[in-house]
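Colleague: Turn this into a model:
(one chain, ligands or ions: 1)
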Amino acid sequence: MARRINSKKYRAAQKAKAEAEAKAKAERKYYQEINQKVCPNCGAQNTALILYGLMNFDESLKRNLANNWVVLGGCDLSETNPAYECNECHHTWK
Ligand SMILES: [Zn+2]
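Modeller: Numbering: from 1, shown residues only. Modelled structure (predicted):
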């Protein structure tokens, strides 16, 4: 019985790990695709997604900031806010 519970726990842990890895992979792909967007101002392909609002500084956000995949736009949640920022010339656009 104990063995069965352990194996169930193990499978659940494996499943959670696989799900977390899949999520991290999908997130990386998403930000890498944004990073390849061409800047309408200078033509560089070094684009970051601008994040608005209060951020939870978790490991994934720290990594995304370190990679220049995201920049923080502050707490102004206006609808006219740009969505992207060029890491080369700092042009922002929607
Ligand atoms: Zn640019």
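Colleague: Just checking, which helix or strand succeeds whichever helix or strand A22 is part of along the chain?
Modeller: Using DSSP states H and E, A22 sits within helix 2-35. Later in the chain than helix 2-35, the nearest helix or strand by DSSP H and E is strand 47-51.
Colleague: could you say what helices and strands that following strand packs with?
Modeller: Applying 3 or more C-beta pairs under 8 Å, 6 or more residues apart in numbering; DSSP states H and E, one finds that strand 47-51 contacts helix 2-35, strand 70-72, strand 84-86. Glycine gets a C-beta too; all of them are placed from N, C-alpha and C.
Colleague: The ones you listed: which one's closest to the ion?
Modeller: strand 84-86 (3.0 Å; C-beta to the ion).
Colleague: Mind listing the strands the closest one pairs with, and their directions?
Modeller: Partners of strand 84-86 in the sheet, by DSSP bridges, are strand 47-51 (antiparallel), strand 92-93 (antiparallel).
Colleague: Including mean pLDDT and mean neighbour count, could those strands go into JSON lines?
Modeller: Shown next, in JSON lines, are the strands paired with strand 84-86 (pLDDT from 0 to 100; neighbours: other C-beta atoms under 10 Å):
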{"stretch": "strand 47-51", "mean pLDDT": "97", "mean neighbour count": "20"}
{"stretch": "strand 92-93", "mean pLDDT": "97", "mean neighbour count": "16"}
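Colleague: export those strands to a markdown table and tack on distance to A12?
Modeller: Rendered in a markdown table, the data for the strands paired with strand 84-86 read as follows (distance: least, C-beta to C-beta, whole Å):
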| stretch | distance to A12 |
| --- | --- |
| strand 47-51 | 32 |
| strand 92-93 | 43 |
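Colleague: how about these, which one is nearest the ion?
Modeller: Going by C-beta to the ion, the one of those nearest the ion is strand 47-51, 8.1 Å.
Colleague: so what does whichever helix or strand comes after that closest one touch, helix or strand wise?
Modeller: Next along the chain after strand 47-51, taking DSSP H and E as the criterion, comes helix 59-66. Secondary-structure packing of helix 59-66 (3+ C-beta pairs under 8 Å, 6+ apart): helix 2-35, strand 70-72.
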